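J.: okay, sequence plus prediction incoming.
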Amino acid sequence: MKKEELRIGNLVYDSLRNKEIKLELKHFRELSISEKVFFERYKAIKLTEEKLLNFGFIMSDDGKYLMDEYIASFKADYPLWIGKEGCCQGETIKDNIKYVHELQNLHYSLKNEELPIA
């Protein structure tokens, strides 16, 4: 996880409180004071199939995950691949998505809205 990837609303794991939290402005103040301390405490959350379902993706019969016009699939070499349905067996938008905050940022950049969290 890099500081350039983070934005308000991203989910991260707070190792001090032992739970997932949404980043707020106060967390970025902590980051500006000490990156080392910040990244020792806050960790990226690995993206799992369970997380995809919590974000509103629906599993299809062929094992892919669908949300609106987007399709996601876990592949052997990539933790997650996101594409757009319909074109050339799915036009790749981004692959190798490993962490929740990466998916949140991608969703925001494509749809200009936060990824819903169930």
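T.: On my side now, so go ahead.
J.: ok, which stretches of this structure are helices?
T.: Along the chain, the segments classed as helices by DSSP state H run 25-33, 35-41, 49-54, 100-111.
J.: out of these, nearest to Ile8?
T.: helix 25-33 (6.4 Å; C-beta to C-beta). To be clear about C-beta, it is placed using only N, CA and C from the backbone, and glycine gets the same treatment.
J.: buried residues in the closest one, which are they?
T.: 27, 31 (16 or more other C-beta atoms under 10 Å).
J.: just the CA coordinates of that helix, formatted as CSV?
T.: C-alpha atoms of helix 25-33 as CSV (Å, rounded to 0.1, in the frame of the first residue of the first chain):
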residue,chain,number,x,y,z
LEU,A,25,-9.2,13.1,7.4
LYS,A,26,-7.7,12.4,10.8
HIS,A,27,-5.9,9.4,9.5
PHE,A,28,-4.2,11.5,6.8
ARG,A,29,-3.0,13.9,9.5
GLU,A,30,-1.4,10.8,11.1
LEU,A,31,0.2,9.9,7.8
SER,A,32,1.6,13.4,7.4
ILE,A,33,3.2,13.2,10.8
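J.: that helix: how far from the chain's middle?
T.: 21 Å (C-alpha atoms, centre = their mean, to the nearest Å).
J.: now it: mean pLDDT?
T.: Mean pLDDT, helix 25-33: 93.
J.: tell me the helices and strands packed up against that helix.
T.: helix 35-41 (3 or more C-beta pairs under 8 Å, 6 or more residues apart in numbering; DSSP states H and E).
J.: check what contacts the helix it packs on and list those residues.
T.: 1, 3, 14-16, 27, 30-31 (C-beta atoms under 8 Å, 6 or more residues apart in numbering).
J.: Leu25 against Ile8, yeah?
T.: Yes. Look at Leu25 against Ile8 with C-beta atoms under 8 Å: they come within range, at 6.4 Å.
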